[in-house]
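[1] Coordinates only, no sequence provided:
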């Protein structure tokens, strides 16, 4: 029942996004929509707004169905506890698992749900970029090591990078209602998980997690739409 409601809400968001926004997508990889059926890890970079579900407009209907039925994603517990936002996210993403910002058992609990028969999604910056380009504490945005922990548990399949062009022109953090009739821009890229891990392991400098973080930060700086 929860998965059916998730699909209905995703479908509604997708239709509303097409109705009120223009979209611009650019693929950076040779593999495109046809490879989405094999995606086991979705990495969303450049987290700027809680209205980012609008990007589901770029997903084919079959992939929307996959997300509704198979996705698991970590969600900040403080966000999930918000009366309205939390309820919407729990319906939209029934596989959203609350985590804290501390080094505690909540992250390990989330990792226990990472399996090869689900789609794991993550926003690896771990916090939201404000309109000044910094996080809520005034620190520069950077990627944390969560993607590496997930990759250790995945041996095969594809990983989908979604590089957001940002949504501050639609809604900035703290603003209640979004602006409409704007353009949503995104770059996307599909890579083979085994090939990606092998390429990083051949670099020979630092730990596997350090290499993943370095690569993700490079992608955050160079792969998002201008």
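    Received the coordinates, thanks. A quick note: this is a predicted structure, and the numbers were derived from the prediction, not measured.
[2] ranges for the strands of this protein?
    Secondary structure of the chain (DSSP state E): strands located at 22-27, 39-45, 71-76, 96-99, 119-122, 158-164, 183-192.
[3] Just send the ones you listed back as CSV, with distance to residue 52 and mean neighbour count too.
    C-beta here means a position set from N, CA and C on the backbone, and glycine is covered the same way. Below are the strands of the chain laid out as CSV (distance: least, C-beta to C-beta, whole Å; neighbours: other C-beta atoms under 10 Å):
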stretch, distance to residue 52, mean neighbour count
strand 22-27, 13, 13
strand 39-45, 7, 22
strand 71-76, 12, 20
strand 96-99, 13, 20
strand 119-122, 11, 23
strand 158-164, 7, 21
strand 183-192, 9, 19
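[4] top helix in this structure by residue count?
    In the chain, with assignment by DSSP state H, the single longest helix is helix 2-20.
[5] quick one: contacts of that one?
    Identification of contacts with helix 2-20 by C-beta atoms under 8 Å, 6 or more residues apart in numbering yields 23, 53-57, 59, 64-65, 67-69, 88, 91-94, 180-181, 184.
[6] related to what we said a few turns ago, quick one: closest of the strands of the chain to residue 146.
    Closest of these to residue 146 is strand 119-122, at 5.7 Å (criterion: C-beta to C-beta).
[7] Which neighbouring elements make contact with the closest one?
    In terms of contacts (3 or more C-beta pairs under 8 Å, 6 or more residues apart in numbering; DSSP states H and E), strand 119-122 is packed against strand 39-45, helix 61-70, strand 71-76, helix 146-152.
[8] contacts for it?
    39-44, 66-67, 70-74, 113-114, 146-147, 150, 154.
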